[in-house]
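Colleague: can you look at this prediction? I've put the sequence above it.
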There are 2 protein chains.
Amino acid sequence: MKYKEFLDTIAASRLDICRSVFLGYRDEIKIKKEKTVLKNLEKIFDATLKIGIEKGFQAMTMLDLKNVSGLSIGALYSYFSSKEEILRVFLSEGRKIIWQILDELIEKEKDPGAKLESAVEVHLFLTERMHKWFYFSYMEAKNLSPSEKENAVQSELHTEKLIENILIDGQKQGVFIETDHSLAASVIKAMLQDWYLKRGKYAKKNIAVDQYAEFIMSFIKSFYLKRQI
Amino acid sequence: MKYKEFLDTIAASRLDICRSVFLGYRDEIKIKKEKTVLKNLEKIFDATLKIGIEKGFQAMTMLDLKNVSGLSIGALYSYFSSKEEILRVFLSEGRKIIWQILDELIEKEKDPGAKLESAVEVHLFLTERMHKWFYFSYMEAKNLSPSEKENAVQSELHTEKLIENILIDGQKQGVFIETDHSLAASVIKAMLQDWYLKRGKYAKKNIAVDQYAEFIMSFIKSFYLKRQI
DNA sequence: GTCTATACACAGATAGAC
DNA sequence: GTCTATCTGTGTATAGAC
């Protein structure tokens, strides 16, 4: 699959997060008109991402958020009861959307090789589409409450387990080599994460996501595919 | 090389950073007795690392630092003129020590294969030895002033360039395949970084640094070494 | 629904006693 | 050299006008 095709098949944007937040937090949000809420949530999340990536969420003040989002401080507090709440909701709703997409797309393939390729591509494409969110999520996870932090960690581990299972399955079917699949999954995950953690660097090198996907797949395959002797 | 041997050959610890800070900042530090300064700098840096890793440097207050380090607020300010200064000095002096070690150790090998292996091992071992510092440095780089941030980025790129040059050299000598070495260096770097960014995870999996080094070397070699046909 | 003005708390930094 | 007490600025959150 190419990134362009991927974009046509999924709905993953900040607007989708906003809609999900609106539906899930109707009671807590003091404003009731859907159109207004969506519009303003988007402003708030956009501003949070922008400032948060630049100097970190802790360093972001409500005054910063007011200035960048265009909403007044008072208005901000009619959407979220506290600054922490913005972070909590933004990250947890984002994770929800991401898993909806991942679960659906990866299960399509059956052959282990194709499945691995699909997992790698879907991950990269998704992190490309929402790269700011992923970067922010990674950097700010430590600012969450212990229970929310646990959710974030579990989500990470789930990704890794998903890859590991494909690898184990491939070995059982005799197409992949025998090795420490858990460790291999970690390393593959590290390569996937680098795409959104160092996005600026790859942009400077003029590497597009399709190219990165192809490269790391060839890297992984050279290790995992049994050599014809 | 094994990690144990590495430990015998180098001096890289928080104490070395403290000594370097004492020598470099004699004028700014109000306290003059070396023994006292070293003792207290170590307390300050230890506490900074501990709190900083837990909740981020921005979120750390001088009161936190007082409580964990055992020094009073006043005492803290006789070592550093501001909170930001603690971060700046700690990170830049750390980088200084790291590059002293890297430059020295990697140049020893001549054969590209051995050189690559040495670069991978030395990086991993160094980040193992100072893993908290590396994690902290990675997470807090964005809180530095623009010029200091630039230094941090340059240091990162330098590591990558170092790997890339080994790869290019290996291809010229006909032992490595032809590929996008810049991209490969990025991906290898991502694997190296994962070791200190996800240290807790690897500890849980019971993976030691020697084992990790061996695994990613086999991964890299399967891609880079020309296959005998 | 959105704004401004403000209460209240707490941070960083300093001064001066010991 | 180290401490405690305190100044001053700024941040979060709220109340109440529009």
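Modeller: That came through fine. Numbers count the residues shown, from 1 in each chain, chains lettered A, B, ... in the order given.
Colleague: residues touching stretch A:48-61, excluding its own?
Modeller: A:14, A:64-65, A:68, A:83, A:86-87, A:90, A:132-133, A:135-136, A:139-140, A:143, B:56, B:58-59, B:142-143 (Cβ atoms under 8 Å, 6 or more residues apart in numbering or on different chains). In short, each C-beta sits where N, CA and C put it, glycine included.
Colleague: which of the residues you listed come close to DNA strand D?
Modeller: Among these, the residues that sit close to DNA strand D (Cβ under 7 Å from any atom of the strand) are residue A:83.
Colleague: pull out the buried residues from the contacts of stretch A:48-61.
Modeller: Neighbour counting with 16 or more other Cβ atoms under 10 Å in any protein chain shown marks A:14, A:64-65, A:68, A:83, A:86-87, A:90, A:133, A:135-136, A:139-140, A:143, B:56, B:58-59, B:143 as buried within these.
Colleague: is the closest residue to DNA strand C within chain A part of a helix or strand, or is it coil?
Modeller: Nearest residue of chain A to DNA strand C (Cβ to the nearest atom of the strand) works out as residue A:74 at 2.5 Å. With DSSP: H, G, I helix; E, B strand; the rest coil as the basis, residue A:74 sits in helix.
Colleague: okay, and the closest residue to residue A:6 other than its chain neighbours sits in which element?
Modeller: Leaving aside its chain neighbours, residue A:6 sits nearest to residue A:125 (4.2 Å; criterion: Cβ to Cβ, 6 or more residues apart in numbering or on different chains). Element membership for residue A:125, per DSSP states H and E: helix A:112-129.
Colleague: show me what that helix is packed up against.
Modeller: helix A:3-9, helix A:83-106, helix A:146-172, helix A:181-197, helix A:209-224 (3 or more Cβ pairs under 8 Å, 6 or more residues apart in numbering or on different chains; DSSP states H and E).
Colleague: helix or strand with the lowest mean pLDDT in chain A?
Modeller: In chain A, the helix or strand scored least confidently by mean pLDDT, DSSP states H and E is helix A:14-24, which has a mean of 89.
Colleague: picking up where we left off before, show me what contacts the residue nearest to residue A:6?
Modeller: Contacts of residue A:125 (Cβ under 8 Å, 6+ apart): A:1, A:3, A:6, A:7, A:209, A:213.
Colleague: got a list of what the first one touches?
Modeller: Same thing as residue A:1. A:118, A:121, A:122, A:125.
Colleague: mind putting those residues into JSON lines with pLDDT and distance to residue A:110?
Modeller: Output for those, formatted as JSON lines (pLDDT from 0 to 100; distance: Cβ to Cβ, whole Å):
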{"residue": "A:118", "pLDDT": "94", "distance to residue A:110": "10"}
{"residue": "A:121", "pLDDT": "96", "distance to residue A:110": "16"}
{"residue": "A:122", "pLDDT": "94", "distance to residue A:110": "15"}
{"residue": "A:125", "pLDDT": "96", "distance to residue A:110": "20"}
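Colleague: thinking again about what came up before, and the buried ones among the contacts of stretch A:48-61, which of them are in helices?
Modeller: Mapping the buried ones among the contacts of stretch A:48-61 onto helices (DSSP state H) picks out A:14, A:64-65, A:68, A:83, A:86-87, A:90, A:133, A:135-136, A:139-140.
Colleague: close to chain B: what parts of chain A are there?
Modeller: Within reach of chain B by Cβ under 8 Å from any Cβ of the partner chain, chain A has these residues: A:54-56, A:58-59, A:139, A:142-143, A:180, A:182-184, A:186-187, A:189-191, A:193-194, A:198, A:201-202, A:205, A:207, A:212, A:215-216, A:218-219, A:222-223, A:227.
Colleague: the residue nearest to residue A:141 when sequence neighbours are not counted: neighbour count?
Modeller: Nearest residue to residue A:141 in three dimensions, chain neighbours excluded: residue A:152, at 4.5 Å (Cβ to Cβ, 6+ apart). Around residue A:152 there are 18 other residues, counting by other Cβ atoms under 10 Å in any protein chain shown.
Colleague: torsion angles phi and psi at residue A:176?
Modeller: Residue A:176 has phi and psi values of phi -110, psi 150 when expressed as degrees, to the nearest 10.
Colleague: near DNA strand C, which residues of chain A are found?
Modeller: Residues of chain A lying near DNA strand C (Cβ under 7 Å from any atom of the strand): A:30-33, A:36-37, A:40, A:70-75, A:78.
Colleague: and those as CSV, adding pLDDT and neighbour count?
Modeller: Formatted as CSV, the residues of chain A next to DNA strand C follow (pLDDT from 0 to 100; neighbours: other Cβ atoms under 10 Å in any protein chain shown):
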residue, pLDDT, neighbour count
A:30, 90, 12
A:31, 90, 13
A:32, 87, 8
A:33, 90, 8
A:36, 92, 10
A:37, 93, 20
A:40, 94, 20
A:70, 94, 12
A:71, 94, 18
A:72, 94, 10
A:73, 95, 11
A:74, 94, 8
A:75, 95, 16
A:78, 94, 13
